[in-house]
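K.L.:
based on what follows, work out the 3D shape:
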Amino acid sequence: MGFDEFTVVIEPHQPVYFSEQVVQGYVKITAEEPVSCRAIYLTAKGTGKVSWSEKRGKSRVTYSAYEEYFRESHTIWSGADMDEEFPVGEHKFPFAFQIPKDIPSSFETYIGRVRYQVKAVADRPWHFDDSSKAIFSVNHLLDLSSDSIARLPINSEREKSIRCCCCWWGPISLTLGVERRGYVAGENILINGEIVNNSGSTIKYTEAKIVQNIRYITSSKTKTTSLTVQRVYRPQIETGSTDEWSGVSLPVPAVTASHLMHCNIIEVDYDLIFEAKLGTCRTAKIAENIIIGSVPLPGTIVAPDTSVESGGTVLASTMSQENSPRFVRSRQPAQGEHGDNPPSYSRIVMPEQYANIPPPSYESCVSSGGQWSTFDDDSDNEEVGFAPHYITYRRN
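P.N.:
All right, here's what the predicted structure looks like:
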């Protein structure tokens, strides 16, 4: 016979933790009969992993990297004085540990991740070890005030001639204006722009989007991927016509802050792209770097809740269905899939130096991966589909 219950519980549970905060809880173990057991160990740790494979000739080559941010291990029960038998009954073994300073935010894709967890393992002779773990989200606070470019405006122009059937048509002109480059999740980027279509083709649609660029780093190779995490679009523009964008809202979704600071194997940055699409291979665009932080700039106004779905595709003005471009929405976690509904703001306990900022809530990451077939160490691949939580700011 084995344990009837063997569970790690984080309590009180916070959806988001920060550096130097304490994570506490207990391991709940229930046994209706004595269970042979040498000891029960508890380990809290934070790790970063990167792994992908590529085809090279007739074989495949795997590139990987690993780093550890902290590890704390304890023996919470020993069977040395009990004939290596865990006693009958319900037992709770409390734990508490402090998150260290200068560690990266939680992050998950199918190629790389930063993950924090508490795991308990029962060492059982002549049996498979029992184990349980609880994963929690950590946010490194990127204060936009610390970045010198966060307040800088974006004012950019681009003109591109279009080639069709070996002939060059007139140009498409784009103008983009944005108040600043620094934002936090929950704010709206207000897009002001103009598209002048002097080409000989109809522009199918125009869009403004936030693109997350991720660089995975190993000792022998790096890999870069890009993912659109939010977009708004406008209808087609006939040749010789102009379309003006005036204060169109592009919501910033729940994503990790720029840079993924204190992680040496994954880098993250964001671009704001303003683009006119004529076809699969014909585009004209402006791309500008933006900063997504976790502490807003002083004096900035956090956007109220809107009907815009975070991480989705949103029509920025009325248009007929037949002219709508086809996009796939980013998957949103179903209610209860990754825990309870967002709590009241008061449950997010920010560090004391940020007591004067608007109280944040949290949301699940809009772009989490969770397919970890390349990771098989420490049984971490048993937990798939975990979505980190990130603080976000919304007014009622």
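
K.L.:
for this structure, give me the ranges with low pLDDT.
P.N.:
1, 162-170, 280-281, 301-347, 367-385, 395-396 (pLDDT under 70).

K.L.:
tell me the domain boundaries of it?
P.N.:
Here the domain parsing of the chain from automatic domain parsing is 1-140+331-396, 144-328.

K.L.:
these into CSV, with extra columns for mean neighbour count?
P.N.:
For the C-beta atoms, the positions are set from N, CA and C on the backbone; glycine is no exception. Converted to CSV, the domains of the chain look like this (neighbours: other C-beta atoms under 10 Å):
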stretch, mean neighbour count
domain 1-140+331-396, 16
domain 144-328, 17
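
K.L.:
could you pull out the strands in the stretch 151-300 of the chain for me?
P.N.:
All strands of the stretch 151-300 of the chain, identified by DSSP state E, counting those that start in this stretch, fall at 154-164, 167-178, 182-184, 188-197, 205-217, 222-234, 242-251, 266-277, 283-293.

K.L.:
now those as JSON lines including distance to Gly89?
P.N.:
Formatted as JSON lines, the strands of the stretch 151-300 of the chain follow (distance: least, C-beta to C-beta, whole Å):
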{"stretch": "strand 154-164", "distance to Gly89": "64"}
{"stretch": "strand 167-178", "distance to Gly89": "62"}
{"stretch": "strand 182-184", "distance to Gly89": "48"}
{"stretch": "strand 188-197", "distance to Gly89": "55"}
{"stretch": "strand 205-217", "distance to Gly89": "48"}
{"stretch": "strand 222-234", "distance to Gly89": "49"}
{"stretch": "strand 242-251", "distance to Gly89": "51"}
{"stretch": "strand 266-277", "distance to Gly89": "45"}
{"stretch": "strand 283-293", "distance to Gly89": "49"}
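
K.L.:
wait, which of these is closest to Asp143?
P.N.:
Asp143 lies closest to strand 283-293 among the strands of the stretch 151-300 of the chain, at 6.5 Å (C-beta to C-beta).

K.L.:
hang on, the earlier thing: and of the strands of the stretch 151-300 of the chain, who's closest to Arg113?
P.N.:
Arg113 sits nearest to strand 266-277 of all the strands of the stretch 151-300 of the chain, at 8.2 Å, using C-beta to C-beta.

K.L.:
from the contact counts, what lies against that closest one?
P.N.:
strand 167-178, strand 188-197, strand 205-217, strand 283-293 (3 or more C-beta pairs under 8 Å, 6 or more residues apart in numbering; DSSP states H and E).

K.L.:
can you tell me the element the closest residue to Val9 other than its chain neighbours falls in?
P.N.:
Leaving aside its chain neighbours, Val9 sits nearest to Gly25 (4.9 Å; criterion: C-beta to C-beta, 6 or more residues apart in numbering). Under the criterion of DSSP states H and E, Gly25 resides in strand 22-31.

K.L.:
which residues touch the helix or strand immediately after that strand in the chain?
P.N.:
Next helix or strand after strand 22-31 toward the C-terminus (DSSP H and E): strand 35-36. Residues lying outside strand 35-36 but in contact with it, judged by C-beta atoms under 8 Å, 6 or more residues apart in numbering, are Met1, Gly2, Phe3, Glu84, Glu85, Phe86, Ala122, Arg124, Pro125, Trp126, His127.

K.L.:
what's the separation between Glu207 and Ile214?
P.N.:
21 Å (C-beta to C-beta, to the nearest Å).

K.L.:
wait, which of the strands of the stretch 151-300 of the chain is closest to Glu32?
P.N.:
Per C-beta to C-beta, nearest to Glu32 of the strands of the stretch 151-300 of the chain: strand 266-277, 45.3 Å.

K.L.:
quick one, that closest one and strand 154-164 angle?
P.N.:
Relative orientation of strand 266-277 versus strand 154-164 (axes from the mean of the first three to the mean of the last three C-alpha atoms, to 10 degrees): 60 degrees.

K.L.:
can you list the strands that strand 266-277 pairs with?
P.N.:
Partners of strand 266-277 in the sheet, by DSSP bridges, are strand 205-217 (antiparallel), strand 283-293 (antiparallel).

K.L.:
before we move on, back to that, so which of the strands of the stretch 151-300 of the chain comes closest to Arg115?
P.N.:
Nearest to Arg115, of all the strands of the stretch 151-300 of the chain, is strand 266-277, at 11.7 Å by C-beta to C-beta.

K.L.:
re earlier: possible to save the helices and strands packed on strand 266-277 as JSON lines with distance to Thr30?
P.N.:
JSON lines is the format used below for the helices and strands packed on strand 266-277 (distance: least, C-beta to C-beta, whole Å):
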{"stretch": "strand 167-178", "distance to Thr30": "57"}
{"stretch": "strand 188-197", "distance to Thr30": "50"}
{"stretch": "strand 205-217", "distance to Thr30": "42"}
{"stretch": "strand 283-293", "distance to Thr30": "44"}
